[in-house]
Every structure is written in C-alpha cells, then in structure tokens.
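Asker: Need the 3D shape of this:
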Amino acid sequence: MIQIPANIVLLTIPLAAWSLFWTALGLWFSAKNGDKAWFVFFMLVHLVGIPELAYLHMRRCWPFKPQQGT
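Answerer: Predicted structure coming up:
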C-alpha cells in the first residue's frame with residue numbers, strides 16, 4: 001500500500017478547498033453574466049483559482065465590488 005506523507009495531505013486539502021471555492025465563484029458569475037467563453041475556460045483549465053480571481057477582479061464581481069457609501 002502506498003503511504004502519503006502527512007505534509008502533502010496538509011497542503012493538498014486547503015489548496016483543493018481554495019481552488020474549489022474560486023472556481024465555483026468564477027463559474028457562477030461567468031454564467032450569470034453570460035460569458036460562455038470564460039465558463040468553458042474555467043471548466044477545462046484548473047490553475048488553483050488564479051484565472052477565476054483575475055476574472056472576478058476584471059468584471060468587478062463579489063468580493064471585488066466597490067463598497068457603497070452608507
């Protein structure tokens with residue numbers, strides 16, 4: 001049986017959660033905004049959430065939406 005070092009597991013789990021969160025958010029907003037090319041890109045290319053962060057920042061989606069004055 002193959003044994004996986006604990007430090008690999010401790011790195012992989014948070015990295016997978018980070019990637020899943022930003023990918024889901026990128027997919028949600030790209031579908032909501034009708035950006036089919038971005039949606040397909042996010043579905044096919046997995047780069048730990050970096051393209052999704054760039055897309056959300058570029059489109060000013062949450063959490064990059066400017067604060068409204070209260």
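Asker: How about the spatially most central residue of the chain: what's its closest non-neighbour residue?
Answerer: Residue closest to the average C-alpha location in the chain (CA atoms, centre = their mean): residue 22, at 2.0 Å. Nearest residue to residue 22, sequence neighbours excluded (CB to CB, 6 or more residues apart in numbering): residue 49, at 3.1 Å. Yep, even glycine has a C-beta here, placed from its N, CA and C like the rest.
Asker: Stretch 5-13: which residues count as buried?
Answerer: For stretch 5-13, the buried set under the neighbour-count rule, 16 or more other CB atoms under 10 Å, is empty.
Asker: what is the rounded mean pLDDT of that stretch?
Answerer: Summarised as a single mean, pLDDT over stretch 5-13 is 90.
Asker: Same question for stretch 33-45.
Answerer: Stretch 33-45 comes out at a mean pLDDT of 94.
Asker: Residues contacting it, please?
Answerer: 23, 26, 27, 30, 31, 51, 52, 55, 59, 61 (CB atoms under 8 Å, 6 or more residues apart in numbering).
Asker: again, only using 10 Å
Answerer: 22-32, 49, 51-52, 55, 58-59, 61 (CB atoms under 10 Å, 6 or more residues apart in numbering).
Asker: Just the buried ones from those residues?
Answerer: If we count by 16+ other CB under 10 Å, those have these buried: 22-23, 25-30, 49, 51-52, 55, 59, 61.
Asker: now the strands: where do they sit in this protein?
Answerer: With strands called from DSSP state E, the chain shows none.
Asker: about what we covered before: give me the pLDDT for the residue nearest to the centre of the chain.
Answerer: 92.
Asker: Wait, it touches residue 51, no?
Answerer: Yes: in this structure, residue 22 is within contact of residue 51 by CB atoms under 10 Å, at 8.9 Å.
Asker: What is the burial count for residue 65?
Answerer: Around residue 65 there are 10 other residues, counting by other CB atoms under 10 Å.
Asker: Could you pull up the residues touching it?
Answerer: By CB under 10 Å, 6+ apart, the neighbours of residue 65 are 56, 59.
Asker: quick revisit: any idea how far residue 5 is from the residue nearest to the centre of the chain?
Answerer: To residue 5, residue 22 is 26 Å away according to CB to CB, to the nearest Å.
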